[in-house]
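A.B. asks: Could you work out the structure for the sequence below:
(chains A and B)
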Protein chains: 2
Amino acid sequence: MSRIASITTADVRFPTSLELDGSDAVNVDPDYSAAYVTIRTDEGEEGHGFVFTCGRGNDVITHAIDTYAQLLIGRNVEALIFDLGAASKRLVHDSQLRWLGPEKGVSQMACGALINALWDIRARREDKPLWLLLSTMAPEEIVDVVDFTHIRNALDPAQALDILQRASAGKDDRIAALQADGYPAYTTSPGWLGYSDEKLVRLSRDAAADGFSMIKLKVGGSVEDDLRRLALAREAVGDLPIAIDANQRWEVAEAIEWVNRLAPFEPYWIEEPTSTDDILGHADIRKGVSPTRVATGEAVANRIVFKQLLQAQAIDVLQLDSTRVAGVNENIATMLLAARYGVPVCPHAGGVGLCELVQHFSFFDYAAVSGSQEGRMIEYVDHLHEHFAEPVRIVGGRYAAPTLPGIGAEMLTASRDHWVFPDGAGWREVNGRAATTATEVEVAS
Amino acid sequence: MSRIASITTADVRFPTSLELDGSDAVNVDPDYSAAYVTIRTDEGEEGHGFVFTCGRGNDVITHAIDTYAQLLIGRNVEALIFDLGAASKRLVHDSQLRWLGPEKGVSQMACGALINALWDIRARREDKPLWLLLSTMAPEEIVDVVDFTHIRNALDPAQALDILQRASAGKDDRIAALQADGYPAYTTSPGWLGYSDEKLVRLSRDAAADGFSMIKLKVGGSVEDDLRRLALAREAVGDLPIAIDANQRWEVAEAIEWVNRLAPFEPYWIEEPTSTDDILGHADIRKGVSPTRVATGEAVANRIVFKQLLQAQAIDVLQLDSTRVAGVNENIATMLLAARYGVPVCPHAGGVGLCELVQHFSFFDYAAVSGSQEGRMIEYVDHLHEHFAEPVRIVGGRYAAPTLPGIGAEMLTASRDHWVFPDGAGWREVNGRAATTATEVEVAS
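C.D. replies: Numbers count the residues shown, from 1 in each chain, chains lettered A, B, ... in the order given. The predicted structure follows:
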């Protein structure tokens, strides 16, 4: 029997705003950051997890992780990692901490980082990458980690078990196929709002040549710019699908009007047309922009909101995010909900480390949940992968199966040390240029 | 011209779990707490604000307030307090911090505390309690502080202005009536789950004798207990309305079945039957338990969720909370939405300081928004008022109009110092007994 010996956090930020990588209509100057956590056992095992943020406020998440960590220090490791359903509930439903959400925002993301780090210990101990661990767990074990609280009117344990049991047929073949051929990817790299037309066209052509299944453009700054950029991209990639992403920029009526103006370029989906809290708004938008698909999820707080997006027939594509919700468990709940409603999961990635994490969910989805790759792709952005113990590998526009035991969250120690905020060597170097992370924007004169 | 000179926070907690005051089916052991903030100007003015929490995690909110405070330090005070719409947007929509919510949980509550403290400076400078300041502002000024982002499909500025202009007729008379007679209250003091039957009956009788408009009982632990307690309360108070509150304990079908079993005792409303994220679930429950009303709001993250609860006809009573959302501005938005949909606002109170804060909204609602007290009451709980500069005054079961300039948030310095966590004298005294705030609950053996 071993114990949780220590839990340490690090505020790691990258000065991506200097290059306008990752710029969109709402996130105009992100410094991609990781509120990083390492759980250590008294036997020397380590589990890694993190929450992705856009810079300022990354410290709020590390502080929240430190607070939740007090619920785990000294606990029996085996009791935690072999009953991850109970471990998740202990954190998410803590009788006092629950008030901070409930189940949303900073507190939910902090729980997620810790839950993921516990899964990392579990997967390392079983010597498997997360996707393979999940894909080889018995359906009953998977059901057992899901928190069905407040989703039972859409998915109960028996229905979840049925989905998983039906997907058991052919699972070994699909695992072998994933190991041989990977999983389809699309790329957002060409489409940031801060990029010039020339860069957009060049990167779009590159993406098509590289074999990606789709490219995605950020929209929502000005409709004239969007029309021009979409025309350029369409010319560059021919028939390849092009998705568009407004990052919650619009009101409901505005979204419908704007998307319909862009419709001649046949966008594959419109992503985050409005607030992701607005379930009914998404349902109205979906009706109003058909046949353009509606996608959302990277900012959806929990399984209860996903449940309603599905119940209301508000989305065509569900984009789960690896660090927004309460960890692996809640993402499994969401995948099962999506399977029950027949909606494809195309995870959100990019940022820092999100590709490394989220690929595991799509691999598991194909192996053991939906059993399908139809209409399914993982987002890919070519930033910051070099900082991870096992960077994602894209081969012919597809994610190759990760092989390192664990959940994929481990960032190299040298990278963490170099970019720790504000005192790492990297930040000392850019100091003076990093005005967007400092707080020098005037509220008013 | 003055500048924001300093912003300081304090983690203030009260060991209420020792007495099971405030115990319900979900919040079993709250230590009522305030993540307290004081803004000081270089001319010696002060603004006070806080976020209510249930104990653990109060430090996460103070840390978040400290982080958001960096956006205000050194700013021109007048530019902030005389353009509170812009000040609110600067905090809520900060391009990097926004990711932490967006607009929910810890980050939204932290913004709310700072926005409220700015309103406190404004109200003190104008020498008025908040409710009177708001009630005497021109309709155009009120509209100008509202953030209509993502609610324009339910309420646009012209519609908001129309609501306020229509309520201008008779406003002076209603202000005079509020100053003379106050505003109706109901009380939750009798109904905590941790109280004995004897205490429940005694406090219910007291509440009726004291002139309260309603009492409220916590439910959701066991249906047998609920039936017994409701019968006792009904016998004790006769025809007086009795509301019931499940604190999000139930699944949708469970809520309908449970409430219908309690229906013979004619509960006035069922509060928080399920997750407040579950808009569609509330709509189903409302249909399923009619004629029992459905109420929610204390855990609703923002105006966008309130908008949908109203659009979906999911609630009969809207319970705004003074420290859950992004401050005075967002509560005004919510009151205007409620007025547009004809749904009465009965604010959530209790905890620590929530009565002191939230009364201002109901007074303003009567004076200048809905113009009605029909079906409207402010929650009252008799805890911890002695710690405030102007404790609420209940006269004949009604809130008397607060008169002290400001928003009502100022807690006595002596109380703050005594109960600062974990090193205040109060906590040193209870040390050893306060096991629920420490973190000694085992996850598993």
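A.B. asks: in the stretch 1-150 of chain A, which ranges drop under the pLDDT threshold?
C.D. replies: Residue ranges of the stretch 1-150 of chain A with pLDDT under 70: A:20-22.
A.B. asks: cutoff 80 now
C.D. replies: Applying pLDDT under 80 to the stretch 1-150 of chain A flags residues A:19-28.
A.B. asks: any chance you could map the strands in it?
C.D. replies: A:4-13, A:33-41, A:46-53 (DSSP state E, counting those that start in this stretch).
A.B. asks: Which of the ones you listed sits closest to chain B?
C.D. replies: strand A:46-53 (5.2 Å; C-beta to the nearest C-beta). (Each C-beta comes from the backbone N, C-alpha and C, glycine too.)
A.B. asks: Give the burial count for residue A:260, as a bare number.
C.D. replies: 12 (other C-beta atoms under 10 Å in any protein chain shown).
A.B. asks: Give me the nearest residue to it, chain neighbours excluded.
C.D. replies: residue A:289 (6.2 Å; C-beta to C-beta, 6 or more residues apart in numbering or on different chains).
A.B. asks: a markdown table please, covering the strands of the stretch 1-150 of chain A and showing mean neighbour count.
C.D. replies: Formatted as a markdown table, the strands of the stretch 1-150 of chain A follow (neighbours: other C-beta atoms under 10 Å in any protein chain shown):
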| stretch | mean neighbour count |
| --- | --- |
| strand A:4-13 | 20 |
| strand A:33-41 | 25 |
| strand A:46-53 | 27 |
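A.B. asks: is it possible to export those to a markdown table including distance to chain B?
C.D. replies: Output for these, formatted as a markdown table (distance: least, C-beta to the nearest C-beta, whole Å):
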| stretch | distance to chain B |
| --- | --- |
| strand A:4-13 | 10 |
| strand A:33-41 | 9 |
| strand A:46-53 | 5 |
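A.B. asks: ok, the residue nearest to residue A:95 when sequence neighbours are not counted to residue A:111 distance?
C.D. replies: The spatial neighbour of residue A:95 that comes closest, neighbours along the chain excluded (C-beta to C-beta, 6+ apart), is residue B:28 at 5.0 Å. Using C-beta to C-beta, to the nearest Å, residue B:28 is found at 19 Å from residue A:111.
A.B. asks: Pick out whichever of the two has more residues nearby.
C.D. replies: Between residue B:28 and residue A:111, counted using other C-beta under 10 Å, the more crowded position is residue A:111 (30 against 18).
A.B. asks: any idea how far the more buried one lies from chain B?
C.D. replies: Relative to chain B, residue A:111 is positioned 11 Å away (C-beta to the nearest C-beta, to the nearest Å).
A.B. asks: Spit out the contact partners of that residue.
C.D. replies: A:68, A:88, A:91-92, A:326-327 (C-beta atoms under 8 Å, 6 or more residues apart in numbering or on different chains).
A.B. asks: Same check on residue A:268?
C.D. replies: Taking C-beta under 8 Å, 6+ apart, we find residue A:268 in contact with A:214, A:241-243, A:292-293.
A.B. asks: cutoff 7 Å now
C.D. replies: For residue A:268, the contact set (C-beta atoms under 7 Å, 6 or more residues apart in numbering or on different chains) comprises A:214, A:241-243, A:293.
A.B. asks: quick one: the residue nearest to it when sequence neighbours are not counted and residue A:347, what's the gap?
C.D. replies: Nearest non-adjacent residue to residue A:268, counting by C-beta to C-beta, 6+ apart: residue A:241, 3.9 Å away. Going from residue A:241 to residue A:347 by C-beta to C-beta gives 17 Å.
A.B. asks: more neighbours, these two?
C.D. replies: Neighbour count, other C-beta under 10 Å: between residue A:241 and residue A:347, residue A:347 has more, with 26 against 16.
A.B. asks: Any chance you could give me stretch A:24-43 in CSV, C-alpha atoms only?
C.D. replies: Provided in CSV are the C-alpha atoms of stretch A:24-43 (Å, rounded to 0.1, in the frame of the first residue of the first chain):
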residue,chain,number,x,y,z
ASP,A,24,-9.4,34.8,-32.7
ALA,A,25,-12.3,37.1,-32.4
VAL,A,26,-12.5,36.7,-28.6
ASN,A,27,-9.1,35.4,-27.5
VAL,A,28,-7.1,38.3,-29.1
ASP,A,29,-3.8,37.8,-27.3
PRO,A,30,-3.5,34.4,-25.5
ASP,A,31,-0.4,33.4,-23.7
TYR,A,32,-0.9,29.7,-23.8
SER,A,33,-0.4,28.4,-20.3
ALA,A,34,-0.6,25.3,-18.2
ALA,A,35,-1.6,25.2,-14.5
TYR,A,36,0.5,22.2,-14.0
VAL,A,37,0.3,19.6,-11.2
THR,A,38,2.5,16.7,-10.2
ILE,A,39,1.2,14.1,-7.7
ARG,A,40,4.0,12.0,-6.1
THR,A,41,3.5,8.8,-4.0
ASP,A,42,5.7,7.7,-1.2
GLU,A,43,6.9,4.9,-3.5
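A.B. asks: Return the distance of it from the chain's centre.
C.D. replies: With C-alpha atoms, centre = their mean, to the nearest Å as the basis, stretch A:24-43 stands 12 Å off its chain's centre.
A.B. asks: Also stretch A:379-396?
C.D. replies: Worked out by C-alpha atoms, centre = their mean, stretch A:379-396 lies 14 Å from the chain centre.
A.B. asks: Give me the neighbour count for residue A:181.
C.D. replies: For residue A:181, using other C-beta under 10 Å, the count is 14.
A.B. asks: what's the nearest residue to it if we skip its chain neighbours?
C.D. replies: Using C-beta to C-beta, 6+ apart and skipping residues adjacent in sequence, the residue nearest residue A:181 is residue A:398, 6.7 Å away.
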